[in-house]
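Enquirer: what's the 3D shape of this:
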Amino acid sequence: MGHLTLPASKTESRAFVLDTNVYIDIEEGAKFEAAGRTFVAQNVVLVSSVVVAELLLAVDARARNHLLRNLRLQINVAGALTPDADDWQTAASTWTRMTPRTSQRRSFWNDLLLAASCARTGITLITSNTADFARIAKHIPLRHERPWHGGSD
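Expert: The predicted structure follows:
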């Protein structure tokens, strides 16, 4: 667990994971979608299982098959990132250190799992939710960046 296999053509690049809000922005805006597709084509972009779960909960049944098909294609190209046991422990201990000063939302727990798995593997998270991830980065050594366009917070 924890080892990533990158396609030979992109091994010199940094690896990235897109947060749920970035996928939603890609689906909702044609201009953002084009930039997103270019970004994915030019970089190693893994799919986080945490993000997949959030996306599947957020979309209606009609859109679910289309979304799953696209995510499977992306996983086949670059791979998937799944939290391991250490990531769950890191997320839990971070939650404990941050509580009660932070959100008790289930989505914040997902953010902690995503941050822990990205930090463990050295993958950069692309997110529009910079406020939450800046707070998380004080506890988990996470690299995160805003997407190629402002997106939604």
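Enquirer: just how off-centre is the worst-scoring helix or strand of the chain on mean pLDDT within its chain?
Expert: When each helix and strand of the chain is scored by mean pLDDT, DSSP states H and E, helix 30-42 comes last, with a mean of 80. Distance, stretch centre to chain centre, for helix 30-42: 16 Å (CA atoms, centre = their mean, to the nearest Å).
Enquirer: next helix or strand past it?
Expert: Per DSSP states H and E, the first helix or strand lying C-terminal to helix 30-42 is strand 44-48.
Enquirer: ok, back up a step: now the angle between strand 44-48 and the least confident helix or strand of the chain, please.
Expert: 110 degrees (axes from the mean of the first three to the mean of the last three CA atoms, to 10 degrees).
Enquirer: Can you give me the separation between Arg97 and Ala91?
Expert: In this view, Arg97 and Ala91 are 11 Å apart by CB to CB, to the nearest Å. Using the backbone N, CA and C atoms, a C-beta is placed for each residue, glycine as well.
Enquirer: And the average pLDDT for stretch 68-76 is what?
Expert: Mean pLDDT, stretch 68-76: 87.
Enquirer: List the buried residues in it.
Expert: Neighbour-count burial for stretch 68-76, counted by 16 or more other CB atoms under 10 Å, picks out Leu71, Gln74.
Enquirer: What of stretch 129-146?
Expert: In stretch 129-146, counting by 16+ other CB under 10 Å, buried: Asn129, Asp132, Phe133, Arg135, Ile136, Ala137, His139, Ile140, Leu142, His144.
Enquirer: ok, back up a step: so Arg97 and Ala91 - more neighbours on which side?
Expert: Legend: neighbour count by other CB atoms under 10 Å for Arg97 and Ala91, higher for Ala91 (25 against 11).
Enquirer: Secondary structure element holding the more buried one?
Expert: Here Ala91, judged by DSSP H and E, is contained in helix 85-98.
Enquirer: Then Val50?
Expert: Using DSSP H and E, Val50 sits within helix 49-58.
Enquirer: Centre of the chain to the helix or strand that that helix is followed by, how far?
Expert: Under the assignment DSSP H and E, the closest C-terminal helix or strand after helix 49-58 is helix 61-78. In terms of CA atoms, centre = their mean, the centre of helix 61-78 is found 15 Å from the chain centre.
Enquirer: Partner strands of the helix or strand that helix 61-78 is followed by, with direction?
Expert: Using DSSP H and E, the helix or strand that directly follows helix 61-78 along the chain is strand 80-81. The pairing partners recorded for strand 80-81 under DSSP bridges are strand 44-48 (parallel).
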